[in-house]
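Participant: Predicted model and sequence follow; I will ask about them next.
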Protein chains: 2
Amino acid sequence: MTTKKLGSQTAALSNPPSIAGHANVVGKKEGEGPLSDSFDYIAPDDTFGESTWEKSESAMQKQALNLALNKAGQSASNLDWLFAGDLLNQCIGSSYAAREQSVPFFGLYGACSTMGEGLALASMTLDGGFGEWAGVVVSSHFCSAERQYRTPLEYGSQRPPTAQWTVTGAGAAVLAREGPGPYVTHVTVGKIVDKGIKDANNMGAAMTPAAASTLAAHFKDTGRSPSFYDLIVTGDLGSLGSELLLELLRQDGIQLSNHVDCGTLIFDAQEQDVHCGGSGCGCCAAVLTGYLLNGMRAGRWNNILFCPTGALHSPTASFQGESIPGICHAIAISTTKS
Amino acid sequence: MTTKKLGSQTAALSNPPSIAGHANVVGKKEGEGPLSDSFDYIAPDDTFGESTWEKSESAMQKQALNLALNKAGQSASNLDWLFAGDLLNQCIGSSYAAREQSVPFFGLYGACSTMGEGLALASMTLDGGFGEWAGVVVSSHFCSAERQYRTPLEYGSQRPPTAQWTVTGAGAAVLAREGPGPYVTHVTVGKIVDKGIKDANNMGAAMTPAAASTLAAHFKDTGRSPSFYDLIVTGDLGSLGSELLLELLRQDGIQLSNHVDCGTLIFDAQEQDVHCGGSGCGCCAAVLTGYLLNGMRAGRWNNILFCPTGALHSPTASFQGESIPGICHAIAISTTKS
């Protein structure tokens, strides 16, 4: 058997899995943004009927996965594997959502890159011959993230201009070994990159070197040029990180003319007062499972490179003076198998 | 291509990966226990030369992985993928260890079951045709765990008799697509099971139903009986959880006469005052990568079922009155490929 690995970081799926169903649920603020039409469910408030923000986040994951399963015409009991993650300590958003699903479960932690990590592992698992159906679901919630990472909302702390706004949202995808597409054709798995940025209010800058590294590896490993893709979508570098990315890649001899960022797509930064844009696992997951995949189904784009980024630090690491390690996974999605 | 999935939860590796190298590092107390001879490095103190316990934990992961790579005759740059996890918020033990490795990285969160989750995913990835080498490394540290989950050591809180003692240890395995074994032949991926236990000082009881569920699924999916294995090794139910497991399985018509638990193996519970035994990702990882795999290489055992268990809750979930969801993955390891 020949290896299905290209270069140092890329898995080429020999029988690309089909994204059979995808769905999202978001909070009120996200529903007021420019991508409003692409969300499956917009909550009237951000509690999702629960008594704590952490339970709200679990409720979002359950709802997003169920909607994606419905679109795929499957029930949870048909899933061979579920890959899930979130930003909370010990990933309780995911485990409390999944305890009612009765599906073999892989818990992931990739910070805001988790949707990419999950799609990579789900695709490799199905392509490897293990089962027929795999689910991926991730989430973030503005209020649980503020409480855990920054300061409780009640403190009323001001946010610096480089800050991003954690999206209240969950996105889910159901992958099938066979189907009409869109297909996951390649996954470039990120290495951890840390250039010494220590400002937890400037995550875009901290994650950008990882995005540049993974994109460069993807083009090298696959032999593709950036222009192969209709869209190259990072998530969530925000407006400042996006500028830095283009500059870093330019220094590396790579020109991107088709780049967008989920963090800048999901909010109207001026109107919605979110400074550099959205962030959180739920940001790029909601953009992918709505705006992007809906657009591919509608024939708007044929090839997308989806590149979620994550910051792999913690408040404890910051308190101890550590810098912020970043990671980015690149997932090539196409309307055809090749 | 026929599926390599057996029943509802088990992946059968068609070309079982070989465990080419395995190693561990542990703290002083673990080095004073009954498995002392099986550890690759016993620290003279638990700081591992670092200024914080979290940094000590990262240092342990780096050292364990390097030792396992050395035994496999490989360098980190030859690893196609690294799977890593720990118990800390945002899994910083792993990400700060891996930022210096320059290896495509998958962060996992499976609480104390993470070694099983990592071995499952690494095995499926290699068997699926993706690359030649995969690393798995996990850790726990008594002091970082106490600070995060319970109370800082300085408070001097008393521990109830049902409590377990978080092991200071890291274990690493390097898997190869081809090699002389021992081989990972089957992995049974756990579903989340929650029977309503809320006592975070009785984790054995909380995790036992998940262990019983996964073991029953493994025997059903593979058609094997418990007596196929020389040893069935859970980790880390401790002494109380182990008794409960045998009872639960007996009610299900399954008799285990060859069961041991990593939590009771690693310490002398009476002499070392650890109540129900050891726990933490590092407990079963250190026992597997030393005592168990060394024993297989020495011809003592030919077939082992390694079943690490995890409790997927958090302090926040407990404060909110939630019960403790458990998970258990079963990894069948054999000196032959079948």
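Facilitator: Structure's in. What do you need? As the structure is a computational prediction, the values presented were derived from the model and not from experiment. Numbers count the residues shown, from 1 in each chain, chains lettered A, B, ... in the order given.
Participant: what sits against the residue in the stretch 101-250 of chain A that chain B sits nearest to?
Facilitator: At 2.1 Å from chain B, A:Gly128 is the closest residue in the stretch 101-250 of chain A, using Cβ to the nearest Cβ. (Each C-beta comes from the backbone N, C-alpha and C, glycine too.) Residues near A:Gly128 by Cβ atoms under 8 Å, 6 or more residues apart in numbering or on different chains: B:Lys4, B:Met124, B:Thr125, B:Asp127, B:Gly128, B:Gly129, B:Phe130.
Participant: Can you give the domain ranges for chain A?
Facilitator: Using automatic domain parsing, the domain parsing of chain A gives A:5-176, A:183-334.
Participant: Not including adjacent chain positions, what is the nearest residue to A:Pro44?
Facilitator: Leaving aside its chain neighbours, A:Pro44 sits nearest to A:Lys28 (6.7 Å; criterion: Cβ to Cβ, 6 or more residues apart in numbering or on different chains).
Participant: List the contacts of that neighbour.
Facilitator: So A:Lys28 contacts A:Ile42, A:Ala43, A:Pro44, A:Asp45, A:Asp46, A:Thr168 (Cβ under 8 Å, 6+ apart).
Participant: Tell me which residues touch the first one, please.
Facilitator: Applying Cβ under 8 Å, 6+ apart, we find A:Ile42 in contact with A:Val25, A:Val26, A:Gly27, A:Lys28, A:Glu30, A:Gly31, A:Ser36.
Participant: For A:Glu247, pull up the helix or strand it's in.
Facilitator: Using DSSP states H and E, the element containing A:Glu247 is helix A:238-251.
Participant: What strands flank the next helix or strand after that helix, and is each parallel or antiparallel?
Facilitator: Scanning forward in sequence from helix A:238-251 by DSSP H and E, the next helix or strand is strand A:259-261. Sheet pairing of strand A:259-261 (DSSP bridges) gives strand A:231-235 (parallel).
Participant: Show me the contact partners of the partner strand.
Facilitator: Residues contacting strand A:231-235 (Cβ under 8 Å, 6+ apart): A:112, A:115, A:211, A:215, A:226, A:241-242, A:245, A:256, A:258-263, A:283-284, A:287-288, A:292, A:301, A:303-309, A:328.
Participant: Give me the phi and psi for A:Gly181.
Facilitator: Main-chain torsions, A:Gly181, degrees, to the nearest 10: phi 90, psi -180.
Participant: which residues touch it?
Facilitator: A:Pro16, A:Ser18, A:Ile19, A:Ser334, A:Thr335, A:Thr336, A:Lys337.
Participant: Wait, the first one touches A:Pro182, no?
Facilitator: It refers to A:Pro16. No: assessed by Cβ atoms under 8 Å, A:Pro16 is found out of contact with A:Pro182, at 9.2 Å.
Participant: which residues do the two both contact?
Facilitator: Going by Cβ under 8 Å, 6+ apart, residues that sit against A:Pro16 and also against A:Pro182 are A:Ser334.
Participant: rewinding a little: taking the contacts of A:Ile42 one by one, which sit in helices?
Facilitator: Here DSSP state H is the test, and the contacts of A:Ile42 give A:Lys28, A:Glu30, A:Gly31 as lying in helices.
Participant: and the contacts of A:Lys28, which are buried?
Facilitator: Taking 16 or more other Cβ atoms under 10 Å in any protein chain shown as the criterion, what is buried in the contacts of A:Lys28 is A:Ile42, A:Ala43, A:Asp46, A:Thr168.
Participant: Of the contacts of A:Gly128, which is the nearest to chain A?
Facilitator: Nearest to chain A among the contacts of A:Gly128, counting by Cβ to the nearest Cβ, is B:Gly128 at 2.1 Å.
Participant: What is the neighbour count of A:Pro182?
Facilitator: Using other Cβ atoms under 10 Å in any protein chain shown, A:Pro182 is surrounded by 24 other residues.
Participant: The helix or strand where A:Gly282 lies vs chain B: in contact?
Facilitator: Element membership for A:Gly282, per DSSP H and E: helix A:281-287. No: with Cβ under 8 Å from any Cβ of the partner chain as the criterion, chain B is not reached by helix A:281-287; the gap is at least 12.1 Å.
Participant: which strands and helices sit next to that helix?
Facilitator: Counting contacts by 3 or more Cβ pairs under 8 Å, 6 or more residues apart in numbering or on different chains; DSSP states H and E, helix A:281-287 packs against strand A:18-26, helix A:114-127, strand A:133-140, strand A:169-176, strand A:231-235, helix A:262-265, strand A:303-311.
Participant: Put together CSV for those, with mean neighbour count and mean pLDDT on each row.
Facilitator: Output for these, formatted as CSV (neighbours: other Cβ atoms under 10 Å in any protein chain shown; pLDDT from 0 to 100):
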stretch, mean neighbour count, mean pLDDT
strand A:18-26, 27, 98
helix A:114-127, 29, 98
strand A:133-140, 32, 98
strand A:169-176, 32, 98
strand A:231-235, 27, 97
helix A:262-265, 28, 96
strand A:303-311, 29, 98
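Participant: hmm, back to that, dump the buried ones among the contacts of A:Lys28 into JSON lines; add pLDDT as well.
Facilitator: Formatted as JSON lines, those follow (pLDDT from 0 to 100):
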{"residue": "A:Ile42", "pLDDT": "98"}
{"residue": "A:Ala43", "pLDDT": "97"}
{"residue": "A:Asp46", "pLDDT": "95"}
{"residue": "A:Thr168", "pLDDT": "98"}
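Participant: Which of the residues you listed fall within strands?
Facilitator: Applying DSSP state E to the buried ones among the contacts of A:Lys28, the entries found in strands are A:Ile42.
Participant: Dump the buried ones among the contacts of A:Lys28 to JSON lines, plus distance to A:Asn89.
Facilitator: Converted to JSON lines, the buried ones among the contacts of A:Lys28 look like this (distance: Cβ to Cβ, whole Å):
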{"residue": "A:Ile42", "distance to A:Asn89": "27"}
{"residue": "A:Ala43", "distance to A:Asn89": "23"}
{"residue": "A:Asp46", "distance to A:Asn89": "20"}
{"residue": "A:Thr168", "distance to A:Asn89": "18"}
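Participant: before we move on, back to that, so which of the ones in helices among the contacts of A:Ile42 would you say is closest to A:Trp53?
Facilitator: Using Cβ to Cβ, the shortest approach to A:Trp53 within the ones in helices among the contacts of A:Ile42 belongs to A:Lys28, at 13.8 Å.
Participant: secondary structure element for A:Lys337?
Facilitator: Counting by DSSP H and E, A:Lys337 is found in no helix or strand.
Participant: doesn't A:His186 make contact with it?
Facilitator: No: with contacts defined as Cβ under 8 Å, A:Lys337 does not count as touching A:His186, sitting 11.4 Å away.
Participant: Next, A:Glu146: phi, psi?
Facilitator: The phi/psi pair for A:Glu146 (degrees, to the nearest 10) is phi -60, psi -50.
Participant: how many neighbours does it have?
Facilitator: A:Glu146: 19 neighbours (other Cβ under 10 Å).
Participant: residues from the stretch 201-338 of chain A in reach of chain B?
Facilitator: Applying Cβ under 8 Å from any Cβ, we find that the stretch 201-338 of chain A lies next to chain B at A:Leu312, A:His313, A:Ser314, A:Pro315, A:Thr316, A:Ala317, A:Gln320, A:Glu322, A:Pro325, A:Ile327.
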